[in-house]
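[1] here you go, sequence then predicted model.
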Amino acid sequence: MQGDKPMEPRQGARYGALDALRSVALVWMTLYHFGFDLSHFGYWVQDFRASPVWTLQRTAIVSLFLLCVGMGQAVAASQGVGWQRFWRRWVRIAVCALLVSAGSFAMFPHSFIYFGVLHGIALMWLIARFTAGWGRWLWLAGALALASPWVAQGLLAGPLAQWAQVFNGKALNWIGWITHKPFTEDYVPLFPWMGVVWWGMAIGQWLLARRPGWLALDMGGAGKALALLGRHSLPWYMLHQPVMIGAIMAFGWWLHP
C-alpha cells in the first residue's frame, strides 16, 4: 500500500491532508471568532471567558493549530528546509504577531494581546527547529511540557510562593508557570502548549516514516478547497477578524444610521 512505503522528501512538496487539517482549524476558529464578535457588539451575548461551551472549543482549536505546527515542522525537517527560508517565514509570523498586539490594543486597551497564538508560534517554531532531531524523546518532552504548568502551580502555591508574583507578571507569564491567568484577549504561553507542538512533531515524524501516504492523500472536491485554504493560513488569520468586524460594524451603521 502507498501508505506503507517511505517517500523521498522533496523540498517544498505539499501534503494535502496536513493542509486540509490546518484548514479545519482555520474554519473552526473563524466561526468561533464570528460568535465572539457578535457577542462583543451585543447581537448575541455569550460568556466567552467562562462558559465551557466556548472555553473548551478554544482549547480544541488552539490544540489543532499547534499539532499542525508541529507536524509542519516535522515535514520541514524531513525536506531539509534551510535557515534562510525558515527565517523568512519566521519574520512574517513575528511581524504579524506585533500587528495583532497593536490592533488588539486599539480595540481592547486593558486586555490587549501581548502573547497570543502567533507570539507563541513564533517562539515554539524556534524551539521546534532546534529539537527536531530528538526523535522518540519528543513524546516524553511533550508530556513533561503539558504537565509542567500544574507542577509549577503547586510549587508556586506552596514552597515557592514567594516566586508566584514574579511568574504571574507580564515579564514572565509568557512561560505559562502561573497561579492565575492574565487578563488578556488571547493567551498561548510556552507551557503547556509547547507540549502539543512536540507531540505534533512526533506524530509527523512517525507518519513520514511509516504512513507517509496518509499525509499525501489525494484530496478531491471539497478537500482540495480545504487544502488550498490551509496553504494560506497566515493571511487568512490576519484578515478574517478585520473583515468580520468591519462587516458587523457596517451592519450596525445600516441598522441604526
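    Looks like it came in fine. Numbers count the residues shown, from 1 in each chain.
[2] can you give me the helices in the protein?
    For the chain, applying DSSP state H gives helices covering 16-40, 52-78, 83-107, 117-131, 137-156, 164-168, 190-210, 212-215, 222-230, 233-255.
[3] residue 176 is nearest to which of those helices?
    Relative to residue 176, the nearest member of the helices of the chain by Cβ to Cβ is helix 190-210, separated by 3.8 Å. Yep, even glycine has a C-beta here, placed from its N, CA and C like the rest.
[4] now stretch 125-145: buried residues?
    Using 16 or more other Cβ atoms under 10 Å as the test for burial, stretch 125-145 gives 125, 127-129, 131-132, 134, 138-139, 141-142, 145.
[5] list the contacts of it.
    Here stretch 125-145 makes contact (Cβ atoms under 8 Å, 6 or more residues apart in numbering) with 69-70, 73-74, 77, 86, 90, 93, 191-199, 201-202, 205.
[6] could you list the low-pLDDT ranges of the stretch 1-150 of the chain?
    1-13 (pLDDT under 70).
[7] rerun at 80
    Within the stretch 1-150 of the chain, the segments meeting pLDDT under 80 span 1-14.
[8] quick one on the thing from earlier: farthest pair within the buried residues of stretch 125-145?
    125 and 139 (19.7 Å).
[9] OK, contacts around residue 122?
    For residue 122, the contact set (Cβ under 8 Å, 6+ apart) comprises 90, 93-94, 97.
[10] quick one: which of those residues has the most company?
    In terms of neighbours by other Cβ atoms under 10 Å, those top out with residue 97 at 21 neighbours.
[11] which residues touch the nearest residue to that one once chain neighbours are set aside?
    Nearest residue to residue 97 in three dimensions, chain neighbours excluded: residue 118, at 3.8 Å (Cβ to Cβ, 6 or more residues apart in numbering). Shown in contact with residue 118 (Cβ under 8 Å, 6+ apart): 93, 96-97, 100, 237.
[12] with residue 44 instead?
    35, 38.
[13] repeat that with 6 Å
    The contact partners of residue 44, by Cβ atoms under 6 Å, 6 or more residues apart in numbering, come to residue 38.
[14] then residue 201?
    Residue 201 neighbours (Cβ under 6 Å, 6+ apart): 70, 73-74, 138.
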